[in-house]
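# coords please:
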Amino acid sequence: MLGGKDDPWWHLWEMNIDGTGLKQLTFGPYHDVNPIYLPDGRIMFSSTRIGMRDEYHGFPCTGLTVCNSNGSDVHCIGFNLGGDREPAMLDDGRIVFSRLDLFYSRLKTEITVQAVFPDGTKNVTLYGPERRDFWHQVTRKSKVNGWSESPPRHRPLRPTQPQPFDDGRIVCATQGGLTLIGPGKSRETIIPHDKKMAVTCPYPLGDGKILCSASIKQFEIDGRVYTATSDEYKRHRGTFHLSKATNIDLGLYILDAGTGELELLYNDPDWAEFDARPVRAKQRPVMIAEGLDTRNDSYAARFFCNSVRTSRQSRVTTRGKFVRVVEGMPVVSRHKTQQNPPGILWRNHGGVHARVLGTAPLGADGSFYVEVPADRLIHVQVLDSDRRVVGNQLIWMYARPGETRSCVGCHERPDTNHLPNHFARTAKIEPVRMLPTGDEFTYRAKAWLKGTLPDATEERARVVRAINLIGRH
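Below you'll find the model as predicted:
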């Protein structure tokens, strides 16, 4: 909740179930939101304490953060250029959460479902990139305008509010309604529901029941209000716009995940009821042991790839000779760049200030093993013998101090790859050190394209913007 009249920041507060004993846990010029209790009594939440601003509008980014039960020992465990939000505990002790993933300014803006250990290690994508086309088709069939999608990577993906459901599945809110995702990265089931209702804020109750919030969908057109599924609505499909949604009145419901039947629990027409939680005893999840050595004061981490040739990209398989590692350094300020009456829009459209940490030859088997700065934004490119990009990793990733992150290949097929049957050659030697020294090649890492990034465009942009930076200096 907000700190008070003179405090514009959201902080963590704690109180008894009956509303008594309210006390503030976190302080300072940061937004701290979406808290959950960990099995060991600590609190995980989403916070702007990571000190980054997004690549597009310059808004403060949020990363997963942990503190003690009394608000002490606050430390960030997740880093990104968008927002890590809505953490929840999985039965296996990992944290599931949604990530607003941004890359190269407007090139990619999408939300994916992620999982991570409580110390921030072993971050993986559970669901999203493989199903971009499916969700774009869902949006098109809705006949509602205003989604501003530019396939494949700009806004088709929007699964949020993940919660564990059953049998390894996760329930999320999506543009198609509440959806069960998994097991695996390529399965989803949109839960049926009355199409005149917008449903959000899922919380599984067991036995196929979900506590949720819902409101009747209504849109205003030329001064008239139309309800979804009405005859008037059907005649006007394609003219409705998200910004024209009206009379939103969220109430609490129980949804049957099998039949889609909604049962009203409570609705006060003067208030919106959402993010409800049942007050009941529940089994304590397992607590995964910390994977990081707290005595380790290392500022470095390691990335290992078994072979870039395990790839869906033929050019990587046939032409890959080198690996280039790039660090993205976020802009920490924003500026007025555009005016749109009656007010000013804060839009940097700036990307990040990138620096090349190093380039190294791949092993004869296509493997690489590198040492990079920890808790920093990293992405990897595969180059051919002429140092031209033939494979570009379109995410910013990170690793914790002392952590080694590994992958089977470069954009390999998910859920179908076999574990490697050989021991990579580069794993037998010390990693190639790619730590910053201050004299790196730097450039502005962004593209004005939405959804796709041809390698030639990225290369030209990298060279031109590096020259621009030299001119400014």
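# what's the neighbour count on residue 254?
14 (other CB atoms under 10 Å). C-beta coordinates here come from the backbone N, C-alpha and C atoms, glycine included.
# State the helix or strand in which it lies.
Using DSSP states H and E, residue 254 sits in strand 251-256.
# Mind pulling up the pLDDT for the residue nearest to residue 166 when sequence neighbours are not counted?
In space, residue 166 comes closest to residue 204 once its chain neighbours are excluded; the distance is 7.5 Å by CB to CB, 6 or more residues apart in numbering. Looking at residue 204, its pLDDT reads 96.
# what secondary structure does residue 204 sit in?
Here residue 204 is recorded as strand under DSSP: H, G, I helix; E, B strand; the rest coil.
# which residues in the stretch 201-350 of the chain form strands?
209-216, 218-221, 224-227, 251-256, 262-266, 300-305, 322-329, 338-340, 343-345 (DSSP state E, counting those that start in this stretch).
# Can you tell me the SS state at the residue nearest to the spatial centre of the chain?
Closest residue to the average C-alpha location of the chain: residue 99 at 1.4 Å, with CA atoms, centre = their mean. Recorded secondary structure, residue 99: strand (three-state DSSP).
# And this structure, what are its domain boundaries?
As recorded under automatic domain parsing, the domains making up the chain are 2-266, 300-472.
# Which of the ones you listed has the lowest mean pLDDT?
Minimum mean pLDDT among the domains of the chain: domain 300-472, a mean of 83.
# Helices of the stretch 351-473 of the chain, residue ranges please.
Assigned by DSSP state H, counting those that start in this stretch, the stretch 351-473 of the chain shows helices spanning 455-472.
# can you list the residues that contact stretch 426-438?
Contact with stretch 426-438 is made by 300, 302, 304, 325, 327, 355, 357-358, 360, 363, 367-373, as judged by CB atoms under 8 Å, 6 or more residues apart in numbering.
# close enough to count as contact, residue 90 and residue 164?
Yes. With contacts counted by CB atoms under 8 Å, residue 90 reaches residue 164, the gap being 5.1 Å.
# intersection of neighbour lists for the two?
Both residue 90 and residue 164 are in contact with residue 96, where contact means CB under 8 Å, 6+ apart.
# what's the residue nearest to residue 166 in contact with, if anything?
163, 164, 165, 166, 171, 210, 211 are the contacts of residue 204 under CB under 8 Å, 6+ apart.
# so who does the third one touch?
Read it as residue 165. 171, 180, 204, 257.
# Now for those residues: which two are most distant?
Spanning the widest gap among the contacts of residue 165 are 180 and 204, at 9.9 Å by CB to CB.
# list the residues that contact both of these two?
165, 171.
# Mind telling me what element residue 132 is part of?
Assessed by DSSP H and E, residue 132 sits inside helix 132-142.
# residues of that helix that come out buried?
Within helix 132-142, the residues that count as buried by 16 or more other CB atoms under 10 Å are 132, 135, 136, 138, 139, 142.
# closest to residue 112 among those residues?
Checking these one by one against residue 112 (CB to CB), the nearest turns out to be residue 132, at 10.0 Å.
# is it true that that closest one touches residue 152?
Yes. Judged on CB under 8 Å, residue 132 makes contact with residue 152 at a distance of 4.7 Å.
# so what's residue 40 up against?
residue 287.
# wait, residue 81
Taking CB under 8 Å, 6+ apart, we find residue 81 in contact with 52, 54, 55, 61, 102, 103, 328, 330, 352, 377, 396.
# gap between the last one and residue 402?
Here the criterion is CB to CB, to the nearest Å. By it, residue 396 lies 20 Å from residue 402.
# For these two, indicate the residue with more neighbours.
residue 396 (25 against 19).
# How about that one: what's its closest non-neighbour residue?
Per CB to CB, 6+ apart, closest to residue 396 is residue 377, 4.0 Å.
# Residues in a beta bridge with the one you found, which ones?
As for beta bridges, residue 377 partners with residue 328 under DSSP bridges.
# Distance check, it against residue 328.
Distance, residue 377 to residue 328, by CB to CB: 4 Å.
# residues bridging contact with the two, i.e. touching both?
81, 352, 396.
# Next step: the residues you listed restricted to strands.
residue 352 (DSSP state E).
# Please convert the shared contacts of residue 377 and residue 328 to TSV, extending it with distance to residue 108.
As requested, these are exported to TSV (distance: CB to CB, whole Å):
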residue	distance to residue 108
81	10
352	13
396	10
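# quick revisit: now rank the contacts of residue 204 by neighbours and give me the top one.
For the contacts of residue 204, neighbours were counted using other CB under 10 Å, and residue 171 has the most, 26 neighbours in all.
# Bridge partners for that one, pull those for me.
Counting by DSSP bridges, residue 171 forms beta bridges with residue 163, residue 180.
# Just the C-alpha atoms of stretch 430-450, please, in PDB.
Taking Å, rounded to 0.1, in the frame of the first residue of the first chain, the C-alpha atoms of stretch 430-450 are listed here in PDB:
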ATOM      1  CA  GLU A 430      38.700 -22.700 -18.000                       C
ATOM      2  CA  PRO A 431      36.000 -20.300 -19.300                       C
ATOM      3  CA  VAL A 432      37.000 -17.500 -21.600                       C
ATOM      4  CA  ARG A 433      37.000 -14.300 -19.400                       C
ATOM      5  CA  MET A 434      34.600 -11.700 -20.800                       C
ATOM      6  CA  LEU A 435      34.600  -9.100 -18.000                       C
ATOM      7  CA  PRO A 436      34.500  -5.400 -18.700                       C
ATOM      8  CA  THR A 437      37.700  -3.400 -18.700                       C
ATOM      9  CA  GLY A 438      36.300   0.000 -19.800                       C
ATOM     10  CA  ASP A 439      37.500   0.100 -23.400                       C
ATOM     11  CA  GLU A 440      34.800  -2.100 -25.000                       C
ATOM     12  CA  PHE A 441      33.200  -1.400 -28.300                       C
ATOM     13  CA  THR A 442      29.900   0.300 -27.500                       C
ATOM     14  CA  TYR A 443      26.700   1.200 -29.300                       C
ATOM     15  CA  ARG A 444      23.000   1.900 -28.900                       C
ATOM     16  CA  ALA A 445      21.200  -1.400 -28.800                       C
ATOM     17  CA  LYS A 446      17.800  -0.800 -30.300                       C
ATOM     18  CA  ALA A 447      15.800  -1.200 -33.500                       C
ATOM     19  CA  TRP A 448      12.800   0.700 -34.900                       C
ATOM     20  CA  LEU A 449      11.300  -2.500 -36.100                       C
ATOM     21  CA  LYS A 450       8.400  -4.300 -34.300                       C
END
